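> Mind folding the following:
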Amino acid sequence: MAFTWEYRYDDGKPGPAPGRDHEFEDQDSAEEWFSANWGELRDAGVREVVLKDGDTEVYGPMSLDPAD
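Below is the predicted model of the structure:
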């Protein structure tokens, strides 16, 4: 399977990725990418993310609001 991030906006529903979608071979790579890019995602309107392995949710939703 491939690891991906699902992006959720103000309504809490999944939406399209800002920019292009990313697929990762493992969870560590997905989390490393997220650590470097979460601020840009937040600035693009993403409010929460869910890490998925194929169709299976690994964890989340995780808020991108620094106050949470």
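> F24 against T4, yeah?
Yes: with contact defined as CB atoms under 8 Å, F24 counts as touching T4 (7.3 Å). Where C-beta positions appear, they are placed from N, C-alpha and C, glycine not excepted.
> tell me what the lengthiest strand in the chain is packed against?
In the chain, taking DSSP state E as the definition, the longest strand is strand 56-63. Identification of packing neighbours for strand 56-63 by 3 or more CB pairs under 8 Å, 6 or more residues apart in numbering; DSSP states H and E yields strand 3-8, strand 48-53.
> by how many degrees do it and strand 3-8 diverge?
40 degrees (axes from the mean of the first three to the mean of the last three CA atoms, to 10 degrees).
> if we look at strand 56-63, which residues are touching it?
1, 3, 6, 8, 12, 27, 47-52 (CB atoms under 8 Å, 6 or more residues apart in numbering).
> Distance to N37 added to the residues you listed, as CSV?
Putting the contacts of strand 56-63 into CSV (distance: CB to CB, whole Å) gives the following:
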residue, distance to N37
M1, 21
F3, 14
E6, 15
R8, 16
G12, 21
Q27, 16
R47, 15
E48, 15
V49, 10
V50, 15
L51, 13
K52, 17
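> Report the mean confidence score over the host helix or strand of A30.
Per DSSP states H and E, A30 falls inside helix 27-43. Mean per-residue pLDDT for helix 27-43: 94.
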